[in-house]
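**Student:** When you get a sec, could you give me coordinates for this:
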Amino acid sequence: MGFMGEFFSNVARYPKYLISIIVGGLVALLGPLFKNIANPFTAIALISSLISAIITFFFVLKAMTNPVV
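**Tutor:** Numbering: from 1, shown residues only. Here you go, the predicted structure:
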């Protein structure tokens, strides 16, 4: 395997590292919330945050794909 083969082998690993970093960050951030899910206040906060994120994502995508001219 030459230099280019090694180069493409290394480049092919980057998506796996990116996914690992994203999943690890989410686990570190959301782990304490899921540990305390039995607390009603935490459950309501988690559900409302999830709904808010979905609504925000929807409106951003709608604005990006159907701009008002």
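**Student:** Sticking with residue 67, tell me its helix or strand.
**Tutor:** Using DSSP states H and E, residue 67 sits in no helix or strand.
**Student:** Now for it, how many residues are close by?
**Tutor:** Residue 67 has 7 neighbours, counted by other CB atoms under 10 Å. Heads up, the C-betas are built off the backbone N, CA and C, glycines and all.
**Student:** now for whichever strand or helix holds residue 21, which elements pack on it?
**Tutor:** Secondary structure assignment for residue 21, by DSSP H and E: helix 3-35. Identification of packing neighbours for helix 3-35 by 3 or more CB pairs under 8 Å, 6 or more residues apart in numbering; DSSP states H and E yields helix 40-65.
**Student:** Quick check: the gap between residue 33 and residue 48.
**Tutor:** 12 Å (CB to CB, to the nearest Å).
**Student:** And these two? Which one has more around it.
**Tutor:** Ranked by neighbour count (other CB under 10 Å), residue 33 and residue 48 place residue 33 first, with 14 against 10.
**Student:** so the more buried one touches residue 43, yeah?
**Tutor:** No - contact criterion CB atoms under 8 Å: residue 33 and residue 43 do not qualify, at 9.2 Å.
**Student:** thinking again about what came up before, can you list the buried residues in the helix holding residue 21?
**Tutor:** Buried residues in helix 3-35, counted by 16 or more other CB atoms under 10 Å: none are found.
**Student:** from the chain's centre, how far out does that helix sit?
**Tutor:** Relative to the mean C-alpha coordinate of its chain, helix 3-35 is positioned 11 Å out (CA atoms, centre = their mean, to the nearest Å).
**Student:** Also stretch 59-69?
**Tutor:** Stretch 59-69 has its C-alpha centroid displaced from the chain centroid by 21 Å (CA atoms, centre = their mean).
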